[in-house]
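Asks: okay, sequence plus prediction incoming.
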Amino acid sequence: MFLGTYAPRLDDKSRLVLPAKFRDQLADGVVVTRGHERCLCVWPLTEFRSVTEQLRRAPVTSKNARDYMRVLFAGASDEVPDKQGRITVPQALRDYAGLVRDCAVIGANSRVEIWDAAAWESYLAGQEDSFSALSQEVLPGIL
């Protein structure tokens with residue numbers, strides 16, 4: 001499980017240092033993909049394989065499933081963190097997420113998300129008011 005918010009920067013070689021707390025879980029390799037709301041998702045390789053298996057069960061007759069898989073897999077990049085815990089973020093993914101320098105790396109349960117720092121702050125500010133109300137819909141009877 002990934003938790004917390006961190007503020008690394010992209011270096012001049014388009015590398016991002018993953019938070020130290022995440023490194024053991026990501027050491028065997030990651031898949032970086034387009035995420036929702038213009039962020040990037042960083043999946044541990046084993047978790048991405050699990051997601052892939054679930055997507056394989058989607059009917060090929062479903063246009064929505066085909067469209068989703070095309071976008072998800074076409075933009076994906078497999079990476080292995082180096083000894084300093086850095087991964088290279090490909091140009092196409094940096095462009096998609098608007099990453100230039102300052103980033104927000106957040107734990108999102110089974111994956112990590114990479115956001116442009118300003119985009120994350122804007123998104124988070126827009127979610128504050130609805131956070132309590134969403135718990136009733138997302139987690140009925142739990143919270």
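Replies: Nice, I can see it.

Asks: contacts for the lowest-mean-pLDDT helix or strand in the chain, please.
Replies: None of the helices or strands of the chain scores lower by mean pLDDT, DSSP states H and E than helix 117-138, at a mean of 84. With contact meaning C-beta atoms under 8 Å, 6 or more residues apart in numbering, helix 117-138 is reached by 5, 7, 37-39, 97-98, 102-104, 106, 115, 142-143. Heads up, the C-betas are built off the backbone N, CA and C, glycines and all.

Asks: equivalent analysis for stretch 101-116, please.
Replies: 1-10, 16, 18-19, 22, 26, 32, 35, 38-44, 47, 89, 97-100, 117-121, 123.

Asks: just the buried residues of the residues you listed.
Replies: The neighbour-count test (16 or more other C-beta atoms under 10 Å) applied to those identifies 2, 6, 8, 10, 16, 18-19, 22, 26, 32, 35, 39-44, 47, 89, 97, 99, 117, 119-120 as buried.

Asks: from the contacts of helix 117-138, which land in strands?
Replies: Among the contacts of helix 117-138, the members found in strands (DSSP state E) are 5, 103-104, 106, 115.

Asks: closest to residue 74 out of the residues you listed?
Replies: Residue 74 lies nearest to residue 115 out of these, by C-beta to C-beta, at 21.0 Å.
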